[in-house]
Every structure is written in structure tokens, then in C-alpha cells.
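**Student:** This is a predicted model, with the sequence first.
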Amino acid sequence: MTKTSSILQALNDSSIDRIASDLRIIRGSIGACRMRAPLLQLAITLLLAHMYLETKTTALVGGLEVASIKFLNSVAERRVEPQRTLTPGQVSAQLAPAAGAPRMTANRA
């Protein structure tokens, strides 16, 4: 054997070992991907479901907020102010005839 052929043989032996090692690593990676693929599909499905439900919930809460504000505004508009208690002087001032008109007094027997 010549020196060149022995070097090529050594390179071939080591490269075959490297290729075999790389193939084992790739085979293990592919197996791991096969095991992870269903979990990834499940995660994507759950993420899409979460986004859908979040959108619907946000719209529902927004609608409830608008409805509650409209309800409170209508209640506030319809609320009647409580009647205030008048003193006797205020009552007589309101009942007093206009200036210049004769006052009528009640006769007490």
C-alpha cells in the first residue's frame, strides 16, 4: 500500500464513522420531532381557540358596559328630585298675592 492510499483509507474510515454518528443524531432528532408534532398541533389548536374565545368575551364585556351605562343614564334622568320641606314663612311668601292686590285673611271664630 502506498502512503496516499493509506491516508485515503484512514480518511474513509473516519468519515464513515462520522457519517454514521451524524445519521444516528439525525434519526434521533426525527424521532423527537415525530413525538413533538402532535403536541405542537394541539398547542396551535388551543392557541387559536383561546384567541377566538378572548375576542368573543371582549365583545360581550364591551356590550355589557355600554348597556349598563345606558341603563344608569336613563335611571339618573328619570329620578325625581325629592320635595323639600318649606317653612311657614316660605309658604306664606309663595301664597302671598302680587303687590298691590288686597290680602285676604282667614276669619277665625
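**Tutor:** Everything's here; your move.
**Student:** Can you tell me the element residue 41 falls in?
**Tutor:** Element membership for residue 41 (DSSP states H and E) is helix 3-78.
**Student:** for the following helix or strand past that helix, which positions count as buried?
**Tutor:** Counting by DSSP H and E, the element after helix 3-78 in chain order, helix or strand, is helix 88-95. Buried residues in helix 88-95, counted by 16 or more other Cβ atoms under 10 Å: none are found. C-beta here means a position set from N, CA and C on the backbone, and glycine is covered the same way.
**Student:** let's number from 360 now, not from 1
**Tutor:** Yes, from this point I'll number from 360; that puts the last item at helix 447-454.
**Student:** Tabulate the CA atom coordinates of helix 447-454 in PDB.
**Tutor:** Extracted in PDB, the C-alpha atoms of helix 447-454 (Å, rounded to 0.1, in the frame of the first residue of the first chain):
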ATOM      1  CA  PRO A 447     -94.300  78.500  57.200                       C
ATOM      2  CA  GLY A 448     -92.700  81.800  56.200                       C
ATOM      3  CA  GLN A 449     -91.700  80.400  52.800                       C
ATOM      4  CA  VAL A 450     -95.300  79.000  52.300                       C
ATOM      5  CA  SER A 451     -96.900  82.400  53.100                       C
ATOM      6  CA  ALA A 452     -94.400  84.200  50.800                       C
ATOM      7  CA  GLN A 453     -95.300  81.800  47.900                       C
ATOM      8  CA  LEU A 454     -99.000  82.200  48.600                       C
END
